[in-house]
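Visitor: A predicted structure for the sequence below; I have some questions about it.
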Amino acid sequence: MVESRFKTSGIFSIVFNLFLCLVILVMIYILAFQVIPGKYPQTKRGLTPAMGVVFLLFFGFLLFVIIYSLLRYAFLIKIDPEARTISFRNIITFQDKTYDFDEFESYLDTFANSKSGQYKNIYLIKGGKAEKIITGMYYENIDELQAALNSLKYLGFHENSSGIARKALFNKPIID
């Protein structure tokens, strides 16, 4: 049984994103009182309702992106090669989802770039689409996790990480 281990930077990233969600929620709450007429008198330096709506939409979009990324990528992962199962437990919702290896057609890996360097991403393929993504940005034992998947069909390393990530984001087929 192989279990995922978070990097220190991965834990920091998750905690920072949760803090950022809290700050954005406070900003949305404050902006809502600027936009709703009659709640508070407009000051000369206050936002106009149109500007308030633009900021609300902007902060709402940022909040959506952060929560989506945490729901999509931040898991506690357990891979049991003998039982041929892989379990994902979301660290935000604590929901468990267990898959048999047979539910996946294959997997592929790629490297993504960030300011701190490159990290490996593993895409588990189901129906030609990325069902689950295991990202090395969060996990320090990404190579162990990949080794535990050795009984799945391996499609090899793919160079175009940004193209694959875009297709996975919009739930498009990533293999032809």
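Guide: Yep, that arrived.
Visitor: If we ignore the residues flanking it in sequence, what's nearest K120?
Guide: With Cβ to Cβ, 6 or more residues apart in numbering as the measure, G136 is the residue that lies nearest to K120, at 4.0 Å, once sequence neighbours are left out. In this view, the C-beta of every residue, glycine as well, is placed from N, C-alpha and C.
Visitor: show me the contacts for the one you found.
Guide: Contact criterion Cβ atoms under 8 Å, 6 or more residues apart in numbering gives 112, 119-121, 142 as the residues in contact with G136.
Visitor: Which residue ranges of this protein form strands?
Guide: Secondary structure of the chain (DSSP state E): strands located at 2-3, 75-80, 85-90, 96-100, 106-114, 117-126, 129-135, 154-157.
Visitor: quick check: mean pLDDT across the third one?
Guide: Per-region confidence: strand 85-90 scores 94 on mean pLDDT.
Visitor: report the angle between the axes of it and strand 129-135?
Guide: Strand 85-90 and strand 129-135 are oriented at 70 degrees to each other (axes from the mean of the first three to the mean of the last three Cα atoms, to 10 degrees).
Visitor: tell me what strand 85-90 is packed against?
Guide: Packed against strand 85-90 by the contact rule (3 or more Cβ pairs under 8 Å, 6 or more residues apart in numbering; DSSP states H and E) you find strand 75-80, strand 96-100.
Visitor: quick one: contacts for the residue lying closest to F6 once chain neighbours are set aside?
Guide: The shortest distance from F6 to any non-neighbouring residue, by Cβ to Cβ, 6+ apart, is to Y138 (5.8 Å). Going by Cβ under 8 Å, 6+ apart, Y138 touches 4, 6-7, 10, 13-14, 73-74.
Visitor: Check the residues you listed and tell me the two furthest apart.
Guide: In terms of Cβ to Cβ, the contacts of Y138 reach their longest pairwise distance at S4 and S13, which sit 14.5 Å apart.
Visitor: hang on, the earlier thing: lowest-confidence entry in the contacts of Y138?
Guide: The minimum pLDDT among the contacts of Y138 falls on G10, with 80.
Visitor: how close does the residue nearest to that one when sequence neighbours are not counted sit to S106?
Guide: Spatially, and ignoring its direct neighbours in sequence, G10 is nearest to Y138 (3.6 Å; Cβ to Cβ, 6+ apart). Y138 is 22 Å from S106, where distance means Cβ to Cβ, to the nearest Å.
Visitor: can you count the residues close to the nearest residue to E105 once chain neighbours are set aside?
Guide: With Cβ to Cβ, 6+ apart as the criterion, E105 has its nearest non-adjacent residue at 5.0 Å, and that residue is I125. The number of residues packed near I125 is 21, by other Cβ atoms under 10 Å.
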